[in-house]
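> any chance you could fold what I've pasted below:
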Amino acid sequence: MADASIQAQTYTNAGVALAYNTTNFEQLVNTQGLSGNLIVAEIAKGTGSATEAELVAVLKKICNGTDIGATQDAFNVVGFKAATLGTDPAYVLLNGTGTLGTSSGDYGTDITVSIVTTFSLAV
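Model (predicted):
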């Protein structure tokens, strides 16, 4: 759970004064609202560029996990970036605690998903 105490509202919209947590107020602390790992992954098509429908299908498989095999874990998509939709590569920011499938054919014919980098969110 994120520590939101770094931002404190001291008055309500009606002007009533509030008490707030001063323990971590305006301090940098090792907390965050995500769990497990953040993974930056690249989605690319070998020939040509992936269509919007192909990208949506890949993202659904990443989110469902079980669509591509027993070893695939489900992830939450927390960010997506393509310079121009339908232009390779596209990048996706994923949050999860498992293993992202990167085997050839996991996400469709001629579509590959590769891990660019992983950030561990353990605090």
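
> what about the protein, any weak spots by pLDDT?
For the chain, applying pLDDT under 70 flags the ranges 1-33, 66-71, 83-87, 122-123.

> can you give the domain ranges for the chain?
According to automatic domain parsing, the chain comprises the domains 1-31, 37-120.

> could you point out which element follows the helix or strand that Val58 is a member of?
Val58 belongs to helix 52-64 when assigned by DSSP states H and E. Next helix or strand after helix 52-64 toward the C-terminus (DSSP H and E): strand 76-82.

> partner strands of that next one, with direction?
Note on strand 76-82: by DSSP bridges, its sheet partners are strand 90-96 (antiparallel).

> tell me the angle the partner strand makes with helix 52-64.
10 degrees (axes from the mean of the first three to the mean of the last three C-alpha atoms, to 10 degrees).

> who's in contact with strand 90-96?
The contact list for strand 90-96, computed with C-beta atoms under 8 Å, 6 or more residues apart in numbering, reads 34-44, 50, 55, 59, 62, 73-82, 100, 116. C-beta coordinates here come from the backbone N, C-alpha and C atoms, glycine included.

> name the residues of it that are buried.
Neighbour counts over strand 90-96 (16 or more other C-beta atoms under 10 Å) mark Ala90, Val92, Leu93, Leu94, Asn95, Gly96 as buried.

> kindly format the C-alpha coordinates of stretch 100-116 as PDB.
The C-alpha trace of stretch 100-116 is given here as PDB (Å, rounded to 0.1, in the frame of the first residue of the first chain):
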ATOM      1  CA  LEU A 100       6.600 -13.300 -18.100                       C
ATOM      2  CA  GLY A 101       6.500 -15.700 -20.900                       C
ATOM      3  CA  THR A 102       8.900 -14.900 -23.700                       C
ATOM      4  CA  SER A 103       9.000 -18.100 -25.700                       C
ATOM      5  CA  SER A 104       8.600 -18.000 -29.400                       C
ATOM      6  CA  GLY A 105       5.000 -18.400 -30.400                       C
ATOM      7  CA  ASP A 106       3.600 -17.600 -27.000                       C
ATOM      8  CA  TYR A 107       1.700 -14.500 -28.300                       C
ATOM      9  CA  GLY A 108       1.000 -15.400 -31.900                       C
ATOM     10  CA  THR A 109       2.700 -16.000 -35.200                       C
ATOM     11  CA  ASP A 110       5.700 -13.800 -35.700                       C
ATOM     12  CA  ILE A 111       5.100 -11.800 -32.500                       C
ATOM     13  CA  THR A 112       7.800 -11.700 -29.900                       C
ATOM     14  CA  VAL A 113       7.700 -10.300 -26.300                       C
ATOM     15  CA  SER A 114      11.100  -9.600 -24.700                       C
ATOM     16  CA  ILE A 115      12.100  -8.200 -21.300                       C
ATOM     17  CA  VAL A 116      14.000  -5.000 -21.600                       C
END
